[in-house]
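**Student:** give me a 3D structure for the following:
(2 chains)
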Amino acid sequence: MVSNSTSIPVASVEAGENQVQTAYEHPWAVRFCHWLNTVSLFVMAASGLQIFRAFPSFGPKIPQHDLLNVPKSLALGGWLGGALQWHLTFAWVYVPTGVFYIAYQIFSRNYRQPLFVRKDLAGVWPMIRHYFFFGRKPAQTEVYNPLQKMAYTSAILLGLLSVLTGIALYNPVQFSFLTSVVGGFHWARVWHFCVLCALLLFVLRHPIMVILHGWNNFTSMLTGWKRNPEYLP
Amino acid sequence: MPESPKPVNSRSLNRRELLKLSPLLAVGAFTIPRVRDPLLTAGVAFTDWASAKWFRRNHLAPTFADSELSPLDKFYLNTYDVDDPEVDLDNWTLTVSGDVKRPGEYTLAQIQSLPKLTQNTRHICVEGWDVIGRFGGARISDFLQYVGAKTDAKFLYVECADDYYESLDMASALHPQSLLCYEMYDQPLTREHGAPVRLRVPTKIGYKQAKYLTSLRVTDVVPKAGYWEDQGYPGYYGL
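**Tutor:** Below you'll find the model as predicted:
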């Protein structure tokens, strides 16, 4: 295996008669966290919606004005107590997965792959032009394009915010400082819900982009390896 | 990774990497009800244990200015049975038992003879709504001293006139803001709000704030965790 400019391992593999280049894009830790988080994010969101059904408002209890009626089919847990059990149990999957992921990315220096930095800024508009306005496809020189990096970096920040606002909500006395930082108990509840909505936008858009980019791209999150990636010579 | 000049077989490479994700299948245990229910119970118990660990004995719950109070008529009443269990207020006593030097019947006047603390604190319901109320009463810690309670016991267990029941861990009971509350908004408790005495523990969720108290037991072992806890809600639920 040889290293290339993107500093990820590359191998030649036999595919039928031919030999093709394949790149190890996603280390085990990243794939493991990705799929575990897929499950726990789903559980946290669905049980969170069931908890919200108990008081679907951000206003006072008297008089109560319901903001929206979350369909039962989107909710997990069946009732408030059941949903709390799911939420408080999977928090212990969701948070350690995030901590492990971030620690791994930092110590392995793999964070450079998804982290959106200032130099990516210039590449964002050309990608948007390509996706939405039939613009020419900019040359891809790294595993992720600037728009992807922006999406993944913001998803991870949203994950972090979901935990912080969640702690502010669950323990507004022990973590009173955190609760006051997010604007008090009421705002913690509003922010926690807004973060969920933003994460759901990411989660709904993500599989659409994966489907548009094909099977080869999808399997790379299962095996780590992507055949003939366009950034390889 | 080591250099490998030899081309590798794509299929075996992929299979090996895919198999490394197999530990994820353990999450599937949550689809089997017989396994799922104990796992969820354990998850809640672990959360309760962690919450008790990060409970700080002298960290005070935020207090609020009178201008921030929710009006008393906007203080939602959550009762599981009846709003008014028709307590005989003239002959009411609190039955104290368990690990105490002076068990017996205690009158409201005896509770009111202890120093009174009045504070505006936030009452948060597990459903998600909250109100800021004004609560006055005797510190539970003062009352426990008054009856000679063994404060290294683990729990207080209270029973109510409406057959509600609750348990409270000793650390939360001894918190300086935890009250045997007999006043709301500077008036004697109304019947709906738990006359003559209720718990007011601002470090706990709403359902722990038992109303219409009739008995209090100091104990290491509680017969039941609490009315809602026995339906599946967390037993500790500190805020």
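
**Student:** how about A:Gln21, nearest residue that isn't a chain neighbour?
**Tutor:** Spatial nearest neighbour of A:Gln21, excluding adjacent residues (C-beta to C-beta, 6 or more residues apart in numbering or on different chains): A:Leu232 at 5.1 Å. Using the backbone N, CA and C atoms, a C-beta is placed for each residue, glycine as well.

**Student:** in which helix or strand would I find the one you found?
**Tutor:** Of the helices and strands defined by DSSP states H and E, none includes A:Leu232.

**Student:** do B:Ile111 as well
**Tutor:** Under the assignment given by DSSP H and E, the secondary-structure element containing B:Ile111 is helix B:108-112.

**Student:** tell me what that helix is packed against?
**Tutor:** Helix B:108-112 is packed against strand B:130-139, strand B:179-184, with contacts defined by 3 or more C-beta pairs under 8 Å, 6 or more residues apart in numbering or on different chains; DSSP states H and E.

**Student:** point out the most buried one among those.
**Tutor:** Per-residue neighbour counts averaged over each of the helices and strands packed on helix B:108-112 give the maximum for strand B:179-184, namely a mean of 24 (mean count of other C-beta atoms under 10 Å in any protein chain shown).

**Student:** need the contact list for B:Gln112.
**Tutor:** B:Ala138, B:Tyr182 (C-beta atoms under 8 Å, 6 or more residues apart in numbering or on different chains).

**Student:** rerun that using 10 Å as the cut-off
**Tutor:** B:Gly136, B:Gly137, B:Ala138, B:Leu180, B:Tyr182, B:Glu183, B:Pro188, B:Pro196, B:Val197 (C-beta atoms under 10 Å, 6 or more residues apart in numbering or on different chains).

**Student:** can you give me the helices in chain B?
**Tutor:** Counting by DSSP state H, chain B has these helices, from start to end: B:10-19, B:33-53, B:108-112, B:140-146, B:170-173.

**Student:** so which of these gets nearest B:Lys224?
**Tutor:** Taking C-beta to C-beta, helix B:33-53 is the member of the helices of chain B nearest to B:Lys224, at 15.2 Å.

**Student:** mind saving the C-alpha coords of the closest one as PDB?
**Tutor:** What follows is helix B:33-53, C-alpha atoms only, in PDB (Å, rounded to 0.1, in the frame of the first residue of the first chain):
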ATOM      1  CA  PRO B  33     -38.700  -7.700  24.300                       C
ATOM      2  CA  ARG B  34     -37.500 -10.200  26.900                       C
ATOM      3  CA  VAL B  35     -34.000  -8.700  26.600                       C
ATOM      4  CA  ARG B  36     -35.000  -5.100  25.900                       C
ATOM      5  CA  ASP B  37     -37.000  -4.500  29.000                       C
ATOM      6  CA  PRO B  38     -34.200  -5.400  31.500                       C
ATOM      7  CA  LEU B  39     -31.800  -3.400  29.400                       C
ATOM      8  CA  LEU B  40     -34.000  -0.300  29.500                       C
ATOM      9  CA  THR B  41     -34.500  -0.800  33.300                       C
ATOM     10  CA  ALA B  42     -30.700  -1.100  33.700                       C
ATOM     11  CA  GLY B  43     -30.300   2.100  31.500                       C
ATOM     12  CA  VAL B  44     -32.600   4.100  33.800                       C
ATOM     13  CA  ALA B  45     -30.900   2.700  36.900                       C
ATOM     14  CA  PHE B  46     -27.500   3.600  35.600                       C
ATOM     15  CA  THR B  47     -28.800   7.200  34.800                       C
ATOM     16  CA  ASP B  48     -30.200   7.400  38.300                       C
ATOM     17  CA  TRP B  49     -26.900   6.200  39.800                       C
ATOM     18  CA  ALA B  50     -24.900   8.700  37.800                       C
ATOM     19  CA  SER B  51     -27.300  11.600  38.700                       C
ATOM     20  CA  ALA B  52     -26.900  10.700  42.400                       C
ATOM     21  CA  LYS B  53     -23.100  10.800  41.800                       C
END
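
**Student:** distance check, the residue nearest to B:Glu192 when sequence neighbours are not counted against chain A.
**Tutor:** In space, and not counting its chain neighbours, B:Glu192 is closest to B:Asp83: 4.7 Å by C-beta to C-beta, 6+ apart. Separation of B:Asp83 from chain A (C-beta to the nearest C-beta, to the nearest Å): 15 Å.
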